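A.B. asks: starting from these lines, generate the structure:
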Amino acid sequence: MEEFQYRGGALFCEEVPLADLAERYGTPLYVYSEKSIQDRFRALDEAYASIPHLICYAMKANDNLSIVRLLAGLGAGADIVSGGELFRARQAGVPGSRIIFAGVGKTRAEIAQAIDEDVLLFNVESPAELEAIAAVGKEKGRTARIAVRVNPDVDPQTHPYISTGLKKNKFGIGADHVLEVYRRARDEAFLEPVGIQMHIGSQLVHVQPIVDAVGRVADLVQRLRDEGVALRYFDVGGGLGIRYRDEAPEGPSELAERVLPTIRDLGVTLLCEPGRFIVGNAGALVTRVVYRKDNGAKTFVIVDAAMNDLIRPSLYDAHHEIWSVEWRDEREIVDVVGPICESGDFFAHDRSLPVSGSGDLLAIMSAGAYGFAMASTYNARPRPSEVLVTGCQHRLIRRRETYQDLIRAEEGL
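C.D. replies: Numbering: from 1, shown residues only. Prediction:
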């Protein structure tokens, strides 16, 4: 997390002390580095610069309008999985021509919405979905562009909850059925098969599984061409990992070196769908210690953030580094927990951390992806503010919810 550094014993995001942000905006508080987001996007853009390409940011990682707008200004498109994400992408200025609609359960209403917005293409996940898109296209008298998501049955070597490229996963269509689906699409008056897609999983620290999958899907492209289905786009998905603890993930340059020769030989435009890679290490969740508690067996540091603010540790048993906002040399073994009425409400178990007491600030790192995006109001806890830092400047990009916000949708019914 290059843009989060200690200076004179204080933790900064770019040129702004996190303690100052906590004082102004309160805690819990999400803080993001604009420079980090820009640098990660440009790393991808430069890696694929030698061929036609479009980077479609996976909005599920973090769909704050200011962040999506920032990436759209850099030339990014959007990878969406719901009508709500389509709405947010358009509100952030992403044109329909740069939007890919993925997801296994698109409703007819969402399909109609996407056709109206003239999205670049739909990633088709099942024959039933193909029929639904064709039917909605016919009702509207408009042709929908599609790509079939291929399930290449490649082990992504990641957490089972974020593995998507094996036969046992719900995603995509098996390679042995893909040709049949394309034939049906080719013969439908209101469908235009223009691409092929794959995405085998998230938080991949090695690129070899992606390389293997690209090779299998490339063979399908050649077979489709022999049948007169000429595709223009090859979507390699997303999934590049970030460093949470001691990982040494391979990045876009390593992947590009391995897959670009294959894509180039096919003469297609490369599409990719990064999310976590761009925003994961651009964000931290700042939280304040409320109490310390020693029950004789463990020492608990109880903070004002909770699993409703950042669910990854509870959901995936994910590791997030925790830094003291004020540098401390003395350390202790503690559990860091939140105030929610669940034993699963934790951020760290038996972790060696700087000694902290009531009122001290901690920063839970690598929280830019799947942090606020997965937040809830469980236990009637309003969701936190979000702040974007640009050099020595900062601005509020989402205000803290109020108690009144919690009941707004229920009032007057």
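
A.B. asks: what separates Ala213 from Leu44, distance-wise?
C.D. replies: According to CB to CB, to the nearest Å, Ala213 and Leu44 sit 18 Å apart. For every residue, glycine as well, the C-beta is placed using N, CA and C.

A.B. asks: what's the distance between the most centrally placed residue in the chain and Arg186?
C.D. replies: By CA atoms, centre = their mean, the mean C-alpha position of the chain lies nearest to Ala61, the distance being 2.3 Å. Applying CB to CB, the value for Ala61 to Arg186 is 34 Å.

A.B. asks: check Glu247 too.
C.D. replies: 43 Å.

A.B. asks: so which of the two has more stuff around it?
C.D. replies: Shown here are Glu247 and Arg186; by other CB atoms under 10 Å, Arg186 has more neighbours (14 against 11).

A.B. asks: where do the strands of the stretch 301-413 of the chain begin and end?
C.D. replies: Assigned by DSSP state E, counting those that start in this stretch, the stretch 301-413 of the chain shows strands spanning 322-324, 331-337, 346-354, 361-364, 385-390, 393-398.

A.B. asks: show me where the stretch 101-250 of the chain has strands.
C.D. replies: Assigned by DSSP E, counting those that start in this stretch, the strands in the stretch 101-250 of the chain fall at 121-124, 144-151, 173-174, 191-197, 233-235.

A.B. asks: between the strands of the stretch 301-413 of the chain, which one is closest to Gly241.
C.D. replies: Evaluated over the strands of the stretch 301-413 of the chain, closeness to Gly241 peaks at strand 361-364, with 18.6 Å, by CB to CB.

A.B. asks: tell me what that closest one is packed against?
C.D. replies: helix 18-25, strand 283-294, strand 322-324 (3 or more CB pairs under 8 Å, 6 or more residues apart in numbering; DSSP states H and E).

A.B. asks: flag the shaky bits of this protein, pLDDT-wise.
C.D. replies: The model of the chain has pLDDT under 70 over residues 154-172.

A.B. asks: hey, where'd the helices end up in it?
C.D. replies: With DSSP state H, the ranges of helices along the chain come out as 18-25, 34-47, 65-73, 83-91, 108-116, 127-140, 175-187, 208-226, 252-266, 276-279, 312-316, 403-407.

A.B. asks: tell me which of those helices is the most buried.
C.D. replies: Neighbour counts (mean count of other CB atoms under 10 Å) averaged over each of those peak at helix 276-279, with a mean of 28.

A.B. asks: with only the CA atoms kept, save that helix in CSV.
C.D. replies: Output of helix 276-279 as CSV, limited to C-alpha atoms (Å, rounded to 0.1, in the frame of the first residue of the first chain):
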residue,chain,number,x,y,z
ARG,A,276,-9.8,-5.8,-6.5
PHE,A,277,-6.6,-5.2,-8.4
ILE,A,278,-7.4,-1.5,-8.9
VAL,A,279,-9.0,-0.5,-5.6
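
A.B. asks: what about that helix, distance to the chain center?
C.D. replies: Offset of helix 276-279 from its chain centre (CA atoms, centre = their mean, to the nearest Å): 7 Å.

A.B. asks: so what touches it?
C.D. replies: Residues outside helix 276-279 that contact it (CB atoms under 8 Å, 6 or more residues apart in numbering): 32, 37, 40-41, 44, 57-58, 61-62, 67, 71, 202-203, 238, 240-242, 251-252, 368-370.

A.B. asks: mind listing what's buried in stretch 278-294?
C.D. replies: In terms of neighbour count (16 or more other CB atoms under 10 Å), stretch 278-294 has its buried residues at 278-290, 292.

A.B. asks: output the residues you listed in TSV; the columns should cover distance to Val178.
C.D. replies: Output for those, formatted as TSV (distance: CB to CB, whole Å):
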residue	distance to Val178
Ile278	29
Val279	32
Gly280	31
Asn281	35
Ala282	36
Gly283	37
Ala284	42
Leu285	41
Val286	47
Thr287	47
Arg288	52
Val289	53
Val290	54
Arg292	57
